[in-house]
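*Asks:* No letters, just coordinates:
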């Protein structure tokens, strides 16, 4: 059985975002919507050794709010056994800098993302003698090992998905801004004793049929829920980019996530990486009713479930 904790369910900026006065952020400040931190999850096969998926800028706050991830032994210790990265977005790697306090754990990522980390000197605060950099193999199930090479009990299969290079790495003169296949990956997470798997795709720009074909009715899905519509940021007056330009599928529309996943039976379908402008965050909105009618749920900070 794979235990899953949602540490953060929001997209970049969190909810409320520091400089945003959109209706959802205002509702969060007024206590009408629960605040959300930036997206990250933790998974475990035994409840004692945890694997972090993406390290958000809010990681210290997230660990403090999660008893399972708090130190158990004097003077210092951590249930954190390993970190897996799905891309090099600031929202997913900045938290590594808060994990620099002499704790041993490996960081798993694609060759491309490992090169990004190696090429930015700020990540040298993670002592290489304690924080090993390990390459995630693609399309091959592999055990997640801790810093000492012990099996955490979690298995992962990484696979490339349509996406976009991290914003801070964009090449505006290149096709698709210089993106390469290893910039964005999805993860299939499981344990030796679980029948189902958790598919984690917090950023996805398109959904090829071959990805959908990988899932079975026993599987669970955490999928990119950044925006409800393609032009949400523009319509809200907070940006000029479409969901596609940012490397995301919108929830709604003929080519949106709900339509594309509707013929795939699963144990559960949840949206994560939800932007603060997304009206689905308002419990009484027609957009929330729409996703719930389609048998989707919203992930939220502190949410827990098991994949059996």
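*Replies:* On my side now, so go ahead. These numbers come from a predicted model, not from an experiment.
*Asks:* Residue 291 and residue 61: what is the separation?
*Replies:* Distance of residue 291 to residue 61, given as CB to CB, to the nearest Å: 27 Å. Just so you know, the C-beta spots here come from the backbone N, C-alpha and C atoms, and that holds for glycine as well.
*Asks:* ignore the last one, residue 10
*Replies:* 12 Å.
*Asks:* more neighbours, residue 291 and residue 61?
*Replies:* When residue 291 and residue 61 are compared for neighbours, residue 291 comes out ahead with 21 against 18, by other CB atoms under 10 Å.
*Asks:* Quick check: buried residues in the host helix or strand of that one?
*Replies:* Using DSSP states H and E, residue 291 sits within helix 286-293. Using 16 or more other CB atoms under 10 Å as the burial criterion, the residues of helix 286-293 that qualify are 287-288, 290-291.
*Asks:* Output these in CSV, with pLDDT and distance to residue 147 appended to each entry.
*Replies:* As requested, these are exported to CSV (pLDDT from 0 to 100; distance: CB to CB, whole Å):
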residue, pLDDT, distance to residue 147
287, 99, 43
288, 99, 42
290, 98, 45
291, 99, 40
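*Asks:* just these now: which is nearest residue 269?
*Replies:* residue 291 (9.2 Å; CB to CB).
*Asks:* For the closest residue in space to residue 111 that isn't next to it in sequence, name its beta-bridge partners.
*Replies:* Setting aside the residues directly before and after it, residue 111 is nearest to residue 135 in space (CB to CB, 6 or more residues apart in numbering), at 5.6 Å. Counting by DSSP bridges, residue 135 forms beta bridges with residue 109.
*Asks:* Distance-wise, check residue 135 relative to residue 114.
*Replies:* Taken as CB to CB, the span from residue 135 to residue 114 is 6 Å.
*Asks:* Next, show the common contact partners of residue 10 and residue 61.
*Replies:* residue 37 (CB atoms under 8 Å, 6 or more residues apart in numbering).
*Asks:* Show residues contacting stretch 244-263.
*Replies:* 163-164, 184, 203-207, 212, 221, 223-230, 232-233, 243, 269, 271, 273, 278, 280, 287, 290-291, 294, 296.
*Asks:* Can I have the buried ones of the residues you listed as a PyMOL selection?
*Replies:* Buried residues among the contacts of stretch 244-263 (16+ other CB under 10 Å), as a PyMOL selection:
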select buried, resi 163+164+184+203+204+205+207+221+223+224+225+226+227+228+229+230+232+233+243+269+271+273+278+280+287+290+291+296
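*Asks:* Just the contacts of stretch 244-263: which are in helices?
*Replies:* Under the assignment DSSP state H, the contacts of stretch 244-263 contribute 212, 232-233, 287, 290-291 to helices.
*Asks:* Distance of the nearest residue to residue 97 once chain neighbours are set aside relative to residue 307?
*Replies:* Leaving out its chain neighbours, the residue that sits closest to residue 97 by CB to CB, 6+ apart is residue 125, at 6.2 Å. With distances taken as CB to CB, residue 125 is found 34 Å from residue 307.
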